[in-house]
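K.L.:
kindly return the folded structure for what I paste below:
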Amino acid sequence: MSEATQPGEPGADGPVGPDRAGTSVGTAGTGTSAGTSAVVVGGGLAGITAALSLADAGVRVTLLEGRPRLGGLAFSFRRGELTVDNGQHVFLRCCTAYRWFLDRIDATSLAPLQDRLDVPVLDADGTPGRRLGRIGRTALPVPLHLARSLATYQHLSLTERAKVGRAALALKALDLDDPALDDQDFGSWLAAHGQSERAVEALWDLVGVATLNAVAGDSSLGLAAMVFKTGLLSDPGAADIGWARVPLGELHDTLARKALGSAGVRTEVRTRVTSISRHENGRWSVQVPGETIDADTVVLAVPQREAHDLLPAGALDAPERLLEIGDAPILNVHVVYDRKVLTRPFFAALGSPVQWVFDRTEASGLREGQYLALSQSAAQLEIDEPVAVLRERYLPELERLLPAARDAEVKDFFVTRERTATFAPAPGVGRLRPGARTKAPGLYLAGAWTATGWPATMESAVRSGAGAAAAALGALGRPRDHLLRFEETARTLPGDAPPAPGRTPAGTGASPRGGLR
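P.N.:
Numbering: from 1, shown residues only. Got it, this is the predicted structure:
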């Protein structure tokens with residue numbers, strides 16, 4: 001009943017280095033042989049992607065991560081017999097970059113997609129026989145692919161459904177390249193387009209909170225429009241949901257390390273970078289406890305505040321803007337029952353503090369009973385609540401939503417908290433997010449918080465890593481064609497839906513993380 005700890009995480013909170021005898025000066029990559037070299041600082045999805053992309057182009061790469069494992073904020077840990085993901089992470093069919101990443105680390109089969117979008121939505125306050133609604137799609141062209149689902153979505157009135165349809169068409173018409181969208185909030189735009197509080201709760205926030213990690217009123221219209229246009233209004237199959245059927249650590253740590261090793265990347269964990277500096281000859285020195293590593297190129301794939309502290313003077317015109325990018329928390333509630341209480345793989349909830357619930361029994365290794373994970377995005381008001389308070393709040397809510405839980409015994413209840421899970425997608429955040437290039441030659445930025453056009457998702461992280469690698473390879477004169485094939489790769493992956501006539505799959509996508517990221 002206590003809050004879950006994350007064993008083996010000492011490197012996450014302070015400088016922890018490997019055991020090394022004295023100070024040595026080396027070159028990034030294996031050995032010190034001549035050739036182009038790079039150091040990638042940060043072993044999350046952005047850093048892993050950058051390292052693989054550089055190595056695939058023939059660059060000798062060293063990847064440095066302060067934690068004892070790779071994967072950033074999408075990882076697993078052990079709790080007794082359970083293997084627990086820190087949060088429920090999913091992606092969509094339109095997340096071509098993340099799907100490319102899965103293919104690159106040989107993990108596609110471990111994180112399959114739905115054949116067709118199908119989201120059960122349970123209304124805790126609904127009358128018997130009308131508690132369950134569904135959001136789904138057909139194979140018809142956009143936007144008709146959602147017409148049947150909207151027409152039968154019983155959590156909204158007929159009038160509200162009609163107004164949702166008109167708002168969706170207005171959203172589809174927005175120009176995502178218009179910088180003015182970033183200064184507006186999504187909630188005000190929805191209100192101006194006739195959306196009721198119920199419509200916002202039962203549809204727009206149902207999707208938006210999970211992907212943006214903020215309610216509509218706190219979200220940039222630009223980011224919200226990107227999510228909805230790409231995920232729901234670009235291609236019939238764009239929003240089909242995928243998630244890992246194994247622990248995230250098996251993907252983002254175990255298989256990622258294997259792929260990095262096969263690519264020749266030197267990977268060092270428990271190794272926190274203390275400083276970076278540029279020599280007069282144009283090369284870079286990266287300082288870690290006990291060692292200085294020289295390289296031609298450095299990619300900083302760390303959170304924005306850590307990047308700010310490591311950036312040399314003059315690398316950005318206004319580095320203080322990085323500190324203005326806010327953070328948003330995600331809370332995950334984990335409940336283990338002595339029996340099966342949920343018969344579907346997941347559902348979303350209305351009329352309850354519960355947002356999304358996933359069955360993690362098989363993935364966790366649980367042998368008896370059922371393990372449910374509740375993803376709670378935009379959790380500012382709950383992130384520091386004691387476990388006992390959260391238990392008193394969420395167990396009765398699960399009993400309201402799942403009648404079978406009323407007679408079940410709770411074998412374990414714990415929470416995981418990510419206080420800085422994502423950057424806050426507030427209006428105006430777009431102007432604060434830097435691109436991959438800095439003013440310091442050979443120094444690049446990566447991370448979901450950089451200017452990818454997407455909120456803080458796995459898709460955004462992978463795209464940022466590929467973007468930083470592409471910029472670096474361009475400056476180094478190395479080939480980079482392999483970085484430009486996300487869409488082509490996604491089209492050939494198992495289970496992919498054929499594109500609609502005359503269309504290609506969307507090039508970017510929201511990958512909900514934590515809340516549904």
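
K.L.:
only alpha carbons, please: show stretch 147-165 as CSV.
P.N.:
This file holds the C-alpha atoms of stretch 147-165, laid out as CSV (Å, rounded to 0.1, in the frame of the first residue of the first chain):
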residue,chain,number,x,y,z
ALA,A,147,-19.6,9.3,-38.8
ARG,A,148,-21.1,6.0,-37.6
SER,A,149,-19.3,6.2,-34.3
LEU,A,150,-20.3,9.8,-33.7
ALA,A,151,-23.9,9.1,-34.7
THR,A,152,-24.2,6.3,-32.2
TYR,A,153,-22.2,7.8,-29.4
GLN,A,154,-24.8,7.7,-26.6
HIS,A,155,-22.8,9.8,-24.2
LEU,A,156,-23.8,12.9,-26.2
SER,A,157,-27.2,14.2,-27.2
LEU,A,158,-28.1,14.3,-30.9
THR,A,159,-27.6,18.1,-30.9
GLU,A,160,-24.2,17.8,-29.3
ARG,A,161,-23.2,15.1,-31.8
ALA,A,162,-24.1,17.4,-34.7
LYS,A,163,-22.1,20.3,-33.2
VAL,A,164,-19.1,18.0,-32.6
GLY,A,165,-19.2,17.1,-36.3
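
K.L.:
name the residues of it that are buried.
P.N.:
Ser149, Leu150, Tyr153, Gln154, His155, Leu156, Glu160, Arg161, Lys163, Val164 (16 or more other Cβ atoms under 10 Å). For the C-beta atoms, the positions are set from N, CA and C on the backbone; glycine is no exception.

K.L.:
residue contacts, the second one?
P.N.:
Same thing as Leu150. By Cβ atoms under 8 Å, 6 or more residues apart in numbering, the contact set of Leu150 is Arg161, Val164, Gly165.

K.L.:
with secondary structure, pLDDT and distance to Thr420 added, can I get the residues you listed in CSV?
P.N.:
Compiled in CSV, those are given as follows (DSSP: H, G, I helix; E, B strand; the rest coil; pLDDT from 0 to 100; distance: Cβ to Cβ, whole Å):
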residue, secondary structure, pLDDT, distance to Thr420
Arg161, helix, 97, 38
Val164, helix, 97, 33
Gly165, helix, 96, 37
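
K.L.:
for the lengthiest strand in the chain, which strands pair with it and how are they oriented?
P.N.:
Across the chain, the longest stretch assigned as strand under DSSP state E is strand 410-423. Looking at strand 410-423 with DSSP bridges, its partner strands are strand 327-337 (antiparallel).

K.L.:
helix or strand right after the strand it pairs with?
P.N.:
Counting by DSSP states H and E, the next helix or strand C-terminal to strand 327-337 is strand 346-350.

K.L.:
could you list every helix and strand in contact with that following strand?
P.N.:
Secondary-structure packing of strand 346-350 (3 or more Cβ pairs under 8 Å, 6 or more residues apart in numbering; DSSP states H and E): strand 118-123, helix 205-212, strand 356-359, helix 387-401.

K.L.:
what about Gly249, how many neighbours?
P.N.:
By the measure other Cβ atoms under 10 Å, the count of residues near Gly249 is 23.

K.L.:
that one and Ser460: what is the separation?
P.N.:
21 Å (Cβ to Cβ, to the nearest Å).

K.L.:
just name the most buried of the helices and strands packed on strand 346-350.
P.N.:
Among these, the stretch with the highest mean neighbour count (mean count of other Cβ atoms under 10 Å) is helix 205-212, at a mean of 26.
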